[in-house]
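Asks: Structural data only, the sequence is not supplied:
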Ligand SMILES: Nc1ncnc2c1ncn2[C@@H]1O[C@H](COP(=O)(O)OP(=O)(O)OP(=O)(O)O)[C@@H](O)[C@H]1O
């Protein structure tokens, strides 16, 4: 799950070059370049109105870009070959429209007919999203989370090779969110490429291979969560558990370190000390602790969260 590999055109499941969508004065999407590799789980994040849904709709061929080129599975979305590729794409829209009077299974059979997918796939899709027990019940009796799962099941019909998931965990409880990402991992192992949006950044943080931060229609940054952390140069948070008798000596040793970024400023906590430490000074900090040996009882280093990184980049 690293973003350091060179872009390999052969391996790109999704490729956007200079894609824009303008509505009169609104630049909903503005010159986006993006590549998603086969089998990758790719996150798209941004404030409300950043252009995520517009980008999705263009990748799905639902709206036409004002400029630029989009390729899915090597086929241009605007070209003749796209019809065939589209059969292997699944889409979970932000707001799934379902018919309340149909049962879950009937709903899937309806979507299966639209997609020319064998009806036998419907039971398996319900099973995969954990709705096998509720297949015969009318959708009007479904909870919000169950409706969302059903939407996901319809996106899985036809065994798509590329999945577009727009805020797929809306309305899901924590257990259902965990199940959902476990399903994504299974799909990833099968080589399915997935691109998803979410406003819950803590949820995406450890579950995407790479992501792009979109703001006002433009890509602000792209890469693995770790590479984005390194781009923003935000400090690490260090918590030290130290015997009360040693707290002052440890604090003194750390604040005496000569660092190009300025002195560290350890603050006392009930357990010992806490400080913000630039990534570049991490090893010096650890070396400064070494002479204290076992008198430093524990060191806990916390990386900036994806949310921290997002707010730093997309302020
Ligand atoms: N059909 C349209 N006509 C005019 N403006 C539009 C249209 N569709 C989207 N926009 C504008 O384009 C911008 C991007 O909208 P989009 O729905 O893509 O954002 P988003 O990132 O998906 O937002 P959210 O997180 O709220 O779903 C917004 O300013 C929106 O008002």
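Replies: Sure, I can see it. Being a predicted model, the structure only gives us computed values, none of them experimental.
Asks: Find the helix or strand that residue 42 is a member of.
Replies: Residue 42 belongs to strand 41-46 when assigned by DSSP states H and E.
Asks: Tell me the helices and strands packed up against that strand.
Replies: helix 52-59, strand 193-197, helix 201-204, strand 210-215 (3 or more C-beta pairs under 8 Å, 6 or more residues apart in numbering; DSSP states H and E). From N, CA and C alone the C-beta is placed, and that goes for glycine too.
Asks: among those, which is nearest the ligand?
Replies: The ligand lies closest to helix 52-59 among those, at 3.2 Å (C-beta to the nearest ligand atom).
Asks: What lies in contact with the closest one?
Replies: 14, 16, 19, 21, 28-29, 32, 44-46, 63-65, 70, 72, 77, 91, 94, 164, 166, 195, 197, 214, 217 (C-beta atoms under 8 Å, 6 or more residues apart in numbering).
Asks: Out of the helices and strands packed on strand 41-46, which gets the lowest mean score?
Replies: Lowest mean pLDDT within those: helix 201-204, a mean of 90.
Asks: now that helix, how far from the centre of its chain.
Replies: 7 Å (C-alpha atoms, centre = their mean, to the nearest Å).
Asks: picking that back up, would JSON lines of the helices and strands packed on strand 41-46 with mean neighbour count be doable?
Replies: Converted to JSON lines, the helices and strands packed on strand 41-46 look like this (neighbours: other C-beta atoms under 10 Å):
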{"stretch": "helix 52-59", "mean neighbour count": "24"}
{"stretch": "strand 193-197", "mean neighbour count": "24"}
{"stretch": "helix 201-204", "mean neighbour count": "18"}
{"stretch": "strand 210-215", "mean neighbour count": "23"}
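Asks: Output these in JSON lines; the columns should cover distance to the ligand.
Replies: Below are the helices and strands packed on strand 41-46 laid out as JSON lines (distance: least, C-beta to the nearest ligand atom, whole Å):
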{"stretch": "helix 52-59", "distance to the ligand": "3"}
{"stretch": "strand 193-197", "distance to the ligand": "7"}
{"stretch": "helix 201-204", "distance to the ligand": "13"}
{"stretch": "strand 210-215", "distance to the ligand": "7"}
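Asks: Low-confidence stretches in the stretch 151-300 of the chain?
Replies: The stretch 151-300 of the chain contains no residues with pLDDT under 70.
Asks: Helices of that one, start to end?
Replies: Remark: helices assigned in the stretch 151-300 of the chain by DSSP state H, counting those that start in this stretch are 174-189, 201-204, 225-232, 247-255, 282-289.
Asks: okay, those helices in a markdown table with distance to residue 264 next?
Replies: A markdown table is the format used below for these (distance: least, C-beta to C-beta, whole Å):
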| stretch | distance to residue 264 |
| --- | --- |
| helix 174-189 | 37 |
| helix 201-204 | 28 |
| helix 225-232 | 19 |
| helix 247-255 | 5 |
| helix 282-289 | 7 |
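Asks: which stretch among those comes nearest residue 269?
Replies: Of all the helices of the stretch 151-300 of the chain, helix 247-255 sits nearest to residue 269, with 9.3 Å by C-beta to C-beta.
Asks: mind checking how far the closest one is from the chain centre?
Replies: Distance, centroid of helix 247-255 to centroid of chain: 40 Å (C-alpha atoms, centre = their mean).
Asks: Now do that helix: everything it contacts.
Replies: With C-beta under 8 Å, 6+ apart, helix 247-255 has contacts from 240, 242, 263-266, 268, 272-273, 275, 285, 288-289, 291-292, 295-296.
Asks: Give me the angle between it and helix 282-289.
Replies: 140 degrees (axes from the mean of the first three to the mean of the last three C-alpha atoms, to 10 degrees).
Asks: Just give me how far stretch 128-144 sits from the chain centre.
Replies: How far stretch 128-144 lies from its chain's middle: 26 Å, per C-alpha atoms, centre = their mean.
Asks: do the same with stretch 303-315
Replies: On C-alpha atoms, centre = their mean, the centre of stretch 303-315 falls 14 Å from the chain's centre.
Asks: Any buried residues in it, and which?
Replies: 303-304, 306, 308-310, 312, 314 (16 or more other C-beta atoms under 10 Å).
Asks: Stretch 44-54 now?
Replies: 44-46, 50-54.
Asks: What is the end-to-end distance of that stretch?
Replies: Using C-alpha to C-alpha, to the nearest Å, one end of stretch 44-54 lies 12 Å from the other.
Asks: Phi, psi for residue 40 please.
Replies: Dihedral pair for residue 40: phi -100, psi 150, per degrees, to the nearest 10.
Asks: thought it was touching residue 210?
Replies: Yes: if you go by C-beta atoms under 8 Å, residue 40 and residue 210 touch, sitting 6.6 Å apart.
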